[in-house]
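1. I would like the atomic coordinates for the input below:
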Amino acid sequence: MTNSLKIQRQTRIGSALIRFSGIVLASSSLVKLAHPAKPVAYMSFLGYDHGKMFLIAGLEMLIALLFLRHATRAVGLLLASSYLGGAIAAHLATHALNGTAPM
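-> Modelled structure (predicted):
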């Protein structure tokens, strides 16, 4: 395989991973906006009521859109990394590796 074909393949794979990650983030936001029972119960368990859940969903959608748009991808990546790091910290603070969860 020539060098240019290898670079094109890597670029396609990288773009696919970025699109997949952005779509997953946007889908998560849409689930929070739809307010199904299990995610609402879990967010309540973490201490987030309905008003904060809409704020979180809106921020998550904004981050996904920034991440998916090529011109704002760098800012979107920074915000997505911060958002996901905060989510991991919230989960560990609530049930630190002992398996306790409301579901």
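2. contacting residues for Gly47?
-> Listed by C-beta atoms under 8 Å, 6 or more residues apart in numbering, the contact set of Gly47 reads Thr94. In short, each C-beta sits where N, CA and C put it, glycine included.
3. next, the contact list for His70, please.
-> Counting by C-beta under 8 Å, 6+ apart, His70 makes contact with nothing.
4. for Gln10, see how far away it is.
-> To Gln10, His70 is 17 Å away according to C-beta to C-beta, to the nearest Å.
5. excluding chain neighbours, what is closest to the residue nearest to the spatial centre of the chain?
-> Closest residue to the average C-alpha location of the chain: Leu25 at 3.6 Å, with C-alpha atoms, centre = their mean. Distances taken as C-beta to C-beta, 6 or more residues apart in numbering place Ala64 nearest to Leu25, at 4.0 Å, with adjacent residues excluded.
6. for this structure, longest helix please?
-> Longest helix of the chain, by residue count under DSSP state H: helix 3-34.
7. roughly how far out does the helix or strand of the chain with the lowest mean pLDDT sit from the chain middle?
-> One helix or strand of the chain scores below all others by mean pLDDT, DSSP states H and E: helix 37-46, with a mean of 86. Averaging C-alpha positions (C-alpha atoms, centre = their mean, to the nearest Å) puts helix 37-46 17 Å from its chain's average.
8. could you give the angle of that helix to helix 3-34?
-> For helix 37-46 against helix 3-34, the angle by axes from the mean of the first three to the mean of the last three C-alpha atoms, to 10 degrees is 80 degrees.
9. hang on, the earlier thing: mind listing what's buried along the longest helix of the chain?
-> Ile18, Ser21, Gly22, Leu25, Ala26, Ser28, Ser29, Lys32 (16 or more other C-beta atoms under 10 Å).
10. okay, and the nearest residue to Ser28 once chain neighbours are set aside sits in which element?
-> Closest residue to Ser28 apart from its sequence neighbours, by C-beta to C-beta, 6+ apart: Glu60 at 6.1 Å. Per DSSP states H and E: Glu60 is located in helix 50-68.
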